[in-house]
Structures are given as C-alpha cells and as structure tokens.
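> When you get a sec, could you give me coordinates for this:
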Amino acid sequence: MGSADGGNVGQRDWKRRESLASALVQVALVAVLLGAAVAFVVHRGRVRQQAEERLKAAQTLAQRGNPADLQKALKELDALFALDANVYGAHMLAADLQAELWLEHHQPGAEAQARDHLARAEALESKDVERYGAKVVRAWVMLSEGKAAEADQTLKALRDRGASNPKLWLAQARTDQALGNLLGARQAFSHAAEEAWKDPRFTAAYGEELLEEGLFAQAHETLGRALTTNPDHLEAQLLSALSLLYMRDKPQDAERTLQQVQAQEPELTPALKARLLAARAELALTRSQPDEAMKHADEALALLPDEPFALFSRARALAVKKDPSARAAFEAAVARHKTAPLLYLEGARSLQQAGDGPGALALLDAYEAIFRDVQVPAGEGKTVSALERDDRYWLARGGVLEAAGQQDASLAAYDRAIAVKGPALARAEYAKGSLLLARKDYAKAREVLAALTPDTGVGPLPEAYAAMGEALFSQGDYETGCQHYYIWLSRDRGRSVPLAQLQARAADIGKQLTTAGQPNMAKAWKTETDNLLK
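Numbers count the residues shown, from 1 in each chain. Sure, this is the predicted structure:
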C-alpha cells in the first residue's frame, strides 16, 4: 500500500515537474516570439514613419516646380525606396516627376526612369481599385505618343468613377488641347491651377496654353499668379517675359527677366534653354532686328525642334524680311502644333503685312480645316462647330480678305465675328466700321461705330473715336466730329503716345476744318488741343 502510495506520489511529482518545465519553456518561447513581434512592429513603424517623412519632404520640394527642385524631390524618393521599395505613393510621385522632366523638360534619361516607376506604380495600383494616379500619368504618356483619343477615353473612365484631382485635370487639359477643344482645355487648366495653387507648374501650364492661343493679356495675368507662388519659377518667368514681348509692353522688364534666368544657366534644362532663346528672338523682333531673331530662333530649334515660340519667331522674322520662305516656315510651325491658334492667326497677319495675301488665306484655311469638326457646347445639350464661336478667327479672316480687296467677303466675315458677341466684339465692330468708311458708306459706319463711342469717352477703343470723327466730318457735322477727335487725342495722351505724333494729328484735323470752310472752328480746335498737348 505504502509502496503503491509512494509510486503514486512519485508519479504526481514527475508530472508536476514536467508540466512546470514545459510551461517555462512555453513562456520563454512566447516571450521570444512576442519580443520579436514587438521589435518587428516597432521596426515597421519606424520604417513607415521614415517613409512618410521622406514622401512628405519630396512632395514639398516638388511644389516649388523648378527642375532642380524636382531632382531634389527624386533624391528623397530614392532614400525612401532604400527603406521600402513598394510604397505606391512614392512610385506614383516619382513617375509623375520623371514624366515632367521627360515630356516637359526633355531631360536625358528621364524617360526610362518615368516608365520604370510608372510600371511599378501600376502593379501596386492594380491591387486597390480606389487608386488611379498611375492611370493619369499613363494617359499623359499616351498623349505624348500621339494617342489623344485613347488618353481622353482613359481620363473619361476615371471621371465617370468620380476621380478628381489637379493632376487628372491637367492631363485632361492637355488632352483637350491636343484634340482642338480649346474651350474645354481652358476650363480644365483653370480647374487644375485653382486646385493646385501652391504648385506653380500647374498655373504656368495654363499660362503657356493661353500664350499658344494668342491671349497675351490673360496669359500674363495667369503667369503672375504662378510667380506669386514662387517668384523664382523659371518656366513662369520665361513665359511671362514672352507675354510682355508679344503685347509690346515693357520690353525692358522682359529683358531684365531674361537676364535673371540666364544667370541660372546650370539649372536650365534643354527645354528651358530653348525657351530662353525663343524669348531672345522675340526681343530682337521688338527691336526690328530680324537677323538677330533668326539667329536665336535657330539656336533654340537646334536644342528643341518642336519649340513652338521659336518656330513662331523664326517665321515672323522671315516675314519681316519679306523672305518668300516665310509662308513655308509658318506651315512647318502649324504642322508641329496643329491646335495653337497663335501660329495661324498671328501668322496670317504677318504674311499679310509681308504682302503674301494668298499665304495668309492658306494659313487661315488650314486653321478652319483643323477646328471645323471640333464641337463646343451651345446650351440645352446641343453643340456647334468651334468655328461658329470663334470670333478671333472671323476677325482675322475679315482683315486678310479686306487687304486682298475682297470687301464683300470681308464684311461677311466681320459680321460673323460680331454675331459671336465674344471678347473680340469691339475689334470686329471697329473693323467693320472702318471698312464702311473706306467704302464711303458714312451712315452705316456711324451706326456700327456708335456702340463703341459713347459721349462719356469711355469706349473700349480710342481709335474708334477717330473713325467716328471721320464719319461725322464726312457728313458735315464738324462740331460733334471735333468732340470725338478730341476724345481720341486725350485718350492717346493718357496712353503715352509720343507728343509729336499727337500734335501732328491735331494739326491735320485743323487743316481739314480750314479746308472745309470752318475757320472759327479751326481756331477753337487749335486753342483746345494746344492746351491738351502742352
């Protein structure tokens, strides 16, 4: 019995010892595993935190918008990839920045990097249906490959899913521009610039589009907003200088800007160097130096054969020289940039002034062929041809036809411009009124010009008052005519027109009064204008 009891006690002791040892081992093992798990979690947390800090730093650097800033941002991303090679947002940002350096700045080596990061971002994106940033960059790449329709379909599919961010709108704007939907492009560029107001790249892209449309004042205002965000943004500086030169306004300020950009030469990419040379070509044209303009334009095109503003300046320099090859130069420019109105409308004006009327009309015919089939909203779910809403085109066409002596066709074109009731309305009415004056149809000329020449003197075009003065003189209303001529002189006095030029105008009007048998009025006119033009 005792022996049995002793055996039982020993057995119980053995089980107790086994159970305790096992428990201790298990506890130790659990402790090790738990410690490893905690260490892993802490490590992953540190990695994630460091990756987030690197990504945020890269985003902040990229917002300054210059190529050097983009390169600094990419270095932050490289450091991030050393921590974690599978961060979707980092590959997405790297793809976008490399695409910017490739497609906008033509930086060597950027294409391969952009495609690599884009492929990695797309692979990570495919695991999450809510992600779509890689598809936006892919649409941009499609666009660069001439697949505008495919890019448009990609972006439409994203918008249908409710996608919306500045990069999507910027890609949509560039796509609309390539498709000739310039109204849609302006709206999308504006949307992108408003949402990404901290990043001057978006606003500068909008300003560039406005310049390519020939909307110089609007472009200058838009580029001013980009420079408010970053006064050192090189692209915005160059485009702003170009806008001033195209407006023939403050060329000294434009030249100063070009000198500032030139001082940053180590940071200039091939695209920025080409644009700087294009701006120098335009500066030479403002100084009536077409040979110098040709030199700078050719240097720009050697760097970047597609640089639109260099192509434009080169063709205009040839037109100024009345070189027969000017027409071919404009045709080559529009072949590379088919939806840039600047090249057609201002090109036609340049060819007309050079005496190549047929070339000017041919350029406008090419414009019509490009934009005829583009549809724009007309209200109530309807659309019309973009040409029906293109008052600037009809105004330009009317001017070329008038210079060619086709007055009836010219009047019809001016009427189509007036019917649009758009931004060029005042110019179109003035052009029609002036043509009617040339035809000695004074009654109709007065009717058209009346809207432009209120007695308050605040009409939109000072020259319209001169046209109305001519019409009134021709019908014997010298007193009212003098009032309109006086407004014309005073408005131009305020615009700093050279005093000698204004005095010559006043003297010529005085002679007309004397010739017309109005000596007393001529004397009063001289007294009033002498006081004005002291």
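> hey, let's count contacts and neighbours off CA atoms from now on
Noted.
> Okay, buried residues for stretch 169-184 please.
169-182, 184 (16 or more other Cα atoms under 10 Å).
> Give me the residues contacting it.
136-137, 139-140, 143, 148-149, 151-152, 155, 185-189, 191-192, 202, 339, 370-371, 374-376, 386 (Cα atoms under 8 Å, 6 or more residues apart in numbering).
> mind listing which of those are in helices?
136-137, 139-140, 143, 148-149, 151-152, 155, 185-189, 191-192, 202, 370-371 (DSSP state H).
> quick revisit: make a ChimeraX selection of whichever of the contacts of stretch 169-184 turn out to be buried.
The buried residues among the contacts of stretch 169-184 can be selected in ChimeraX (16+ other Cα under 10 Å) with this line:
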select :136,137,139,140,143,148,151,152,155,185,186,187,188,189,191,192,202,339,371,374,375,376,386
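> Strands of the stretch 251-400 of the chain, start to end?
375-379, 382-385 (DSSP state E, counting those that start in this stretch).
> rank the ones you listed by mean pLDDT and give me the bottom one.
When those are compared by mean pLDDT, strand 375-379 comes last with a mean of 85.
> packing partners for that strand?
On a contact count with 3 or more Cα pairs under 8 Å, 6 or more residues apart in numbering; DSSP states H and E, strand 375-379 meets strand 382-385.
> Which elements pack onto the strand it packs on?
Looks like strand 382-385 contacts strand 375-379 (3+ Cα pairs under 8 Å, 6+ apart).
> for the stretch 101-250 of the chain, which spans come out with low pLDDT?
Low-confidence segments of the stretch 101-250 of the chain (pLDDT under 70): 128-129.
> same thing with the chain?
Using pLDDT under 70, the chain drops low at 1-21, 23-45, 47, 128-129.
> Please enumerate the helices of the stretch 101-250 of the chain.
110-125, 133-144, 148-160, 166-178, 182-195, 200-213, 216-229, 234-247 (DSSP state H, counting those that start in this stretch).
> try the stretch 401-534 of the chain
Under DSSP H, counting those that start in this stretch, the stretch 401-534 of the chain gives helices at 407-420, 425-438, 442-449, 462-474, 478-494, 499-515, 519-532.
> quick one: buried residues of the last one?
Judged by neighbour count using 16+ other Cα under 10 Å, the buried positions of helix 519-532 are 521, 522, 525, 526, 529.
> can you redo those residues as JSON lines with distance to residue 499?
Below are the buried residues of helix 519-532 laid out as JSON lines (distance: Cα to Cα, whole Å):
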{"residue": "521", "distance to residue 499": "22"}
{"residue": "522", "distance to residue 499": "20"}
{"residue": "525", "distance to residue 499": "17"}
{"residue": "526", "distance to residue 499": "15"}
{"residue": "529", "distance to residue 499": "12"}
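> for the residues you listed, which one is nearest residue 232?
Of all these, residue 232 sits closest to residue 529, with 47.0 Å by Cα to Cα.
> number of nearby residues for the closest residue to that closest one other than its chain neighbours?
Spatial nearest neighbour of residue 529, chain neighbours left out: residue 506 (6.7 Å); criterion: Cα to Cα, 6 or more residues apart in numbering. Residue 506 has 20 neighbouring residues, counting by other Cα atoms under 10 Å.
> Pull up the gap between residue 506 and residue 497, please.
Distance, residue 506 to residue 497, by Cα to Cα, to the nearest Å: 13 Å.
> that older thread, between the buried residues of helix 519-532, which is closest to residue 196?
Using Cα to Cα, residue 529 comes nearest to residue 196 of these, at 52.5 Å.
> My read is that that closest one contacts residue 507, right?
No: counting by Cα atoms under 8 Å, residue 507 is not a contact partner of residue 529; they are 9.0 Å apart.
> Among the helices of the stretch 401-534 of the chain, which comes closest to residue 325?
Closest among those, using Cα to Cα: helix 407-420, at 26.6 Å.
> Between the helices of the stretch 401-534 of the chain, which one is closest to residue 398.
Short answer: helix 407-420, nearest of the helices of the stretch 401-534 of the chain by Cα to Cα, at 4.2 Å.
> and residue 136, what does it touch?
So residue 136 contacts 154, 155, 167, 168, 171 (Cα under 8 Å, 6+ apart).
> can you list those in JSON lines and add distance to residue 321?
Shown next, in JSON lines, are the contacts of residue 136 (distance: Cα to Cα, whole Å):
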{"residue": "154", "distance to residue 321": "46"}
{"residue": "155", "distance to residue 321": "45"}
{"residue": "167", "distance to residue 321": "43"}
{"residue": "168", "distance to residue 321": "44"}
{"residue": "171", "distance to residue 321": "39"}
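> which two from those end up farthest apart in space?
Farthest pair in the contacts of residue 136, by Cα to Cα: 154 and 167, 13.6 Å.
> Skip the chain neighbours and tell me the closest residue to residue 208.
residue 239 (6.7 Å).
> I'd like to know how many residues surround the one you found.
25.
> and it, what is it in contact with?
204, 207, 208, 223.
> Identify the farthest-apart pair in these.
208 and 223 (8.4 Å).
> Tell me which of the two has more neighbours.
Taking other Cα under 10 Å, residue 208 and residue 223 do not tie; residue 223 has more neighbours (28 against 23).
> how near is the more buried one to residue 230?
Distance, residue 223 to residue 230, using Cα to Cα: 11 Å.
> And for residue 217?
From residue 217 to residue 230 the distance is 20 Å (Cα to Cα).
> and the helix or strand hosting residue 69, what does it pack onto?
Secondary structure assignment for residue 69, by DSSP states H and E: helix 67-83. Applying 3+ Cα pairs under 8 Å, 6+ apart, one finds that helix 67-83 makes contact with helix 2-62, helix 88-99.
> Tell me the one among the buried residues of stretch 169-184 nearest to residue 305.
For these, the minimum distance to residue 305 (Cα to Cα) is 18.2 Å, reached by residue 178.
> Pretty sure residue 270 sits against residue 106.
Yes: with contact defined as Cα under 8 Å, residue 270 reaches residue 106; the gap is 6.2 Å.
> circling back to that earlier point, need the helices of the stretch 101-250 of the chain in a markdown table with distance to residue 304, can you?
Below are these laid out as a markdown table (distance: least, Cα to Cα, whole Å):
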| stretch | distance to residue 304 |
| --- | --- |
| helix 110-125 | 16 |
| helix 133-144 | 15 |
| helix 148-160 | 22 |
| helix 166-178 | 19 |
| helix 182-195 | 24 |
| helix 200-213 | 17 |
| helix 216-229 | 23 |
| helix 234-247 | 15 |
